[in-house]
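A.B. asks: Predicted coordinates and the sequence they were generated for:
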Amino acid sequence: MSEWGIPGLTRRHFLEQLGRVGGTSAVLAAMNAFGINSASALERPPELRGSGKGKKVLVIGAGHSGNTSAYELSKLGYEVTVLEARSFAGGRAQTARRGFVAQEMGGEVERCEFDEGLYINIGPWRIPYHHRSTLHYTKEFNVPLEIMVNDNDAAFLYAKNAKGGLNNKRVRQGEVKADARGYTNELVAKAVSSGKLDGMFGAEDKQILLDYLVHEGYLSAKDFSYHGTDGRGFKIHPGPGLTPGVELEPFAFSDVLNSRLWQHFNSVTEFDMQWTMFQPVGGMDQIARGFERHMGHLITYNTEIEQLRQNDKGVTANWVNTKTGQRGSTTADYAICTIPLPVLHRLDTDFSDDFRTAMEGVAYAPVLKAGLQMKRRFWEEDFGLYGGHIKTDFNNGYGFYQISMPSTAWQSQKGVLLGAYIYGDVAIQSSALSLHDRMESYLDIGEAVFPGLYRANFEKGFSWCWHRAKYNQGGWAEWSQRGRERDYPKLLQAEGRVYLAGEHLSYLTGWQAGAIESAWMQIEKLHHRVVQA
Amino acid sequence: MKIFVFAACLSLTALSASAAESSGQTLYLQKCAACHQSEGQGLPHPIPALAGSPILLGDDDALAGLLLHGKDGMPAFHLYLSDDKIAAILTYARDSWGNAAPPISEATVAAARKELGSDGIKLPTN
């Protein structure tokens, strides 16, 4: 089957065939029908014609945007060199596992000491089904994927600042969802059936609306009342013999409203967070390993750029080897520079004032993540929670603190919880603590949700904050509206012979797809320039 | 009488503790020191020192605007901190580690926030 369910026919193939028969307008009509005219995301690398033979390209940074650029340009015949400051590829798409050593600026040296086979993705951790660019490379590089459970109706919600009977009570998302919708549907259905909303729609629509409300909210068809539904769970589970099961009773509507736990879900999940969500088997760094297998020979590691210069002939990067202290320089016809803007802004370059100033339109997001190794998967064994997120009303900087359960190695002995994923000033505040005190604060939150279990099962943790990472200084670019209008367009343009690339040059900031697609955009510009010259 | 005095002392201590929580120093240590360090000394590269910083000691409006908008690795604090807290932090930093510049008022920060206008950032999730 193809990606569109038609055996042997891909969408592209279909459009090409249609174009031969019906011309461009037929193709455009079909694209509209597919809904892809409005899609901004690129699905695959640009199809570039002509050769880059005899031209040198320097790629700065072996994250996804740099590696994508290098891989695709080398296929066109360019002579590509990638310089990477770190001793490994992948940039922020990293996974901490046993042996991973890192040090934040001004921080302690931290060694990940998880048991063999356990890990935490300290950078990106989700690949939504519509990030076709990321999925293009996982497929091309044979990086096995597994489902990342990004929503779980069985997972707990926990409020500690709410009014009403659900405060400080562990409830399951499905219970709150069913009750919030059931009771609301009951109210609307009763208003409709009693004629209070007559005049807002015709008699025929009125009956259909009632049908919908009964269906969607599990209401009684007789009197439109809501009395719960089996989907919210059982007091006594159905079983063999004389065990039909006893359903849990619904919460009071007022308690559901006052708990504000409805803040954790919507009618439809936001686009970036929808099912089907993927993750690479074995950690997000498997994508970087895939790149390395195909273009790793182009990368020189431990090479930190100290100075970037250009003239009408080419670009020169002066660098220092961070292991040996040896200095040197690399010259090329063009450069793709993927250094995150906070770092690039302070680098010694001969960029124009205008170009450099444009980098000030952006600020980067402080982000901190922590993995907590637990000696027993109590969330699975005791509560039947397989993946998903426990959501609380503890502040995590952007809203709600969540604890995420691993979507891998189900039913094994140990597991690593994502015990903190925090942002903004909360992340800054947490990063000011010692590694030990950070972990204590995350354990306190988990203990509130899992009293007697969370601390008792904790073995070791690893935390990492991107705003104190020397080569990043933030999790991702946060563009203001003014920055997008005034500064962003300037950075999309080549600065002489230098093209920038990275998630910061996309509307998918913080996503691997943003990094990959920005690279596709920039190499296309670069290549057109070369073949037109 | 002794008991009364003791109780009065306790409540005074409690009062000053809660005042300290929102003081410029406490806020600075929570929201800034992870990068700029506890004595405003910054980090060799690339976090600027605040002791003697010409930007910190310079134009009031530009300084307030910088904190609200963010720059490089420094986040857009308009998302996270109220005007009075930003004013308290800046006032503390301007009067610490050998710095001696006049306070920044809440009104100055409020005006800078107004200037920022709709230039807010939509918070992404990843």
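C.D. replies: Happy to help now that I have it. Computed from a predicted model, the values in this text were never measured in an experiment.

A.B. asks: does B:L66 belong to a helix or a strand, and which?
C.D. replies: In the assignment (DSSP states H and E), B:L66 maps to helix B:60-69.

A.B. asks: which strands and helices sit next to that helix?
C.D. replies: Applying 3 or more Cβ pairs under 8 Å, 6 or more residues apart in numbering or on different chains; DSSP states H and E, one finds that helix B:60-69 makes contact with helix B:83-94, helix B:106-116. Heads up, the C-betas are built off the backbone N, CA and C, glycines and all.

A.B. asks: rank the ones you listed by mean pLDDT and give me the bottom one.
C.D. replies: Within those, the stretch with the lowest mean pLDDT is helix B:106-116, showing a mean of 93.

A.B. asks: May I see the buried residues of that one?
C.D. replies: B:E106, B:T108, B:V109, B:A110, B:A111, B:A112, B:R113, B:L116 (16 or more other Cβ atoms under 10 Å in any protein chain shown).

A.B. asks: what's the angle from it to helix B:60-69?
C.D. replies: 60 degrees (axes from the mean of the first three to the mean of the last three Cα atoms, to 10 degrees).

A.B. asks: I'd like the distance from helix B:106-116 to the chain centre, please.
C.D. replies: 14 Å (Cα atoms, centre = their mean, to the nearest Å).

A.B. asks: pull the CA atoms of that helix into CSV?
C.D. replies: C-alpha atoms of helix B:106-116 as CSV (Å, rounded to 0.1, in the frame of the first residue of the first chain):
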residue,chain,number,x,y,z
GLU,B,106,8.0,49.9,38.3
ALA,B,107,6.6,52.7,36.1
THR,B,108,9.7,52.6,33.9
VAL,B,109,9.2,48.8,33.3
ALA,B,110,5.5,49.3,32.8
ALA,B,111,6.2,51.9,30.1
ALA,B,112,8.7,49.6,28.4
ARG,B,113,6.2,46.8,28.5
LYS,B,114,3.7,49.1,26.8
GLU,B,115,6.3,49.9,24.2
LEU,B,116,6.8,46.2,23.6
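
A.B. asks: give me the low-pLDDT residue ranges for chain B?
C.D. replies: For chain B, the stretches with pLDDT under 70 are B:1-22, B:118-126.

A.B. asks: For chain A, give me its nearest residue in it.
C.D. replies: Among all residues of chain B, B:G70 sits closest to chain A, at 2.7 Å; criterion: Cβ to the nearest Cβ.

A.B. asks: Give me the number of neighbouring residues for that residue.
C.D. replies: Neighbourhood size, B:G70 [other Cβ atoms under 10 Å in any protein chain shown]: 25.

A.B. asks: which ones are touching the residue nearest the centre of chain B?
C.D. replies: When Cα atoms, centre = their mean is applied to chain B, the residue found nearest the centroid is B:I89 (2.0 Å). B:I89 sits next to B:G24, B:L27, B:Y28, B:K31, B:C32, B:L67, B:L81 when contact means Cβ atoms under 8 Å, 6 or more residues apart in numbering or on different chains.

A.B. asks: again, 7 Å this time
C.D. replies: For B:I89, the contact set (Cβ atoms under 7 Å, 6 or more residues apart in numbering or on different chains) comprises B:G24, B:L27, B:Y28, B:K31, B:C32.

A.B. asks: Just send those residues back as CSV, with distance to A:G241 and neighbour count too.
C.D. replies: CSV is the format used below for the contacts of B:I89 (distance: Cβ to Cβ, whole Å; neighbours: other Cβ atoms under 10 Å in any protein chain shown):
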residue, distance to A:G241, neighbour count
B:G24, 69, 21
B:L27, 64, 22
B:Y28, 67, 21
B:K31, 61, 24
B:C32, 65, 23
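
A.B. asks: I'd guessed the residue of chain B closest to chain A sits against B:A76; true?
C.D. replies: Yes: using Cβ atoms under 7 Å, B:G70 is in contact with B:A76, at 3.6 Å.

A.B. asks: Common neighbours of these two, please.
C.D. replies: A:A363.

A.B. asks: Most proximal residue of chain A with respect to chain B?
C.D. replies: Closest point on chain A to chain B, by Cβ to the nearest Cβ, is A:A363, at 2.7 Å.

A.B. asks: Would you mind listing what in the stretch 201-350 of chain A touches chain B?
C.D. replies: Residues of the stretch 201-350 of chain A lying near chain B by Cβ under 7 Å from any Cβ of the partner chain: A:D272, A:M273, A:P342, A:H345, A:R346.
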